[in-house]
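[1] With the input below, show me the fold.
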Amino acid sequence: MAEELKNEAQVYQKLQALQGRYIPVLWLAGVADGLEMVLLTDFVGTQVSRELLADTTQRKIREAMFAIHELRVAHGDIRPQNIAMQGRGQDVKFYFVDFGFS
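    This is a model prediction of the structure:
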């Protein structure tokens, strides 16, 4: 698990330009209080629900995914549990989380 978190921290650094827009802001990555590895990000919302997805929101998710791919990162585990949703209606934002398999 420590290796997965180290990899995820490296991916967050590579995606720094997308932090706060398509991925959470990374605040801390490293060893803290004797733990092996800690990764601390902003809380960006709740797990996306397939039932709530309309065509416009699917476009927003694809836009986020394409922005990540443009920085040459493949998420490696895209599923509803790894897409967080914040807000409602036209103001809804989507964030990809859990880059451990990237």
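
[2] Now for I23, how many residues are close by?
    Here the number of neighbours of I23 (other Cβ atoms under 10 Å) works out to 26. The way it works is simple: take the backbone N, C-alpha and C, and place the C-beta from them, glycine included.

[3] swap that for G45, please
    Neighbour number of G45 under other Cβ under 10 Å is 17.

[4] So what does the closest residue to it other than its chain neighbours have for phi and psi?
    Using Cβ to Cβ, 6 or more residues apart in numbering and skipping residues adjacent in sequence, the residue nearest G45 is Q86, 3.4 Å away. Backbone torsions for Q86, taken as degrees, to the nearest 10, come to phi -130, psi 130.

[5] Is L39 in a helix, a strand, or coil?
    strand (DSSP: H, G, I helix; E, B strand; the rest coil).

[6] contacting residues for it?
    L39 makes contact with L5, E8, A9, Y12, L26, L28, A29, according to Cβ atoms under 8 Å, 6 or more residues apart in numbering.

[7] Report the separation between the third one and Q90.
    This means A9. Using Cβ to Cβ, to the nearest Å, A9 is found at 33 Å from Q90.

[8] ok, these two, which is more surrounded?
    A side-by-side neighbour count of A9 and Q90, using other Cβ under 10 Å, places A9 first with 19 against 8.

[9] which residues of the protein fall in helices?
    2-14, 55-70 (DSSP state H).
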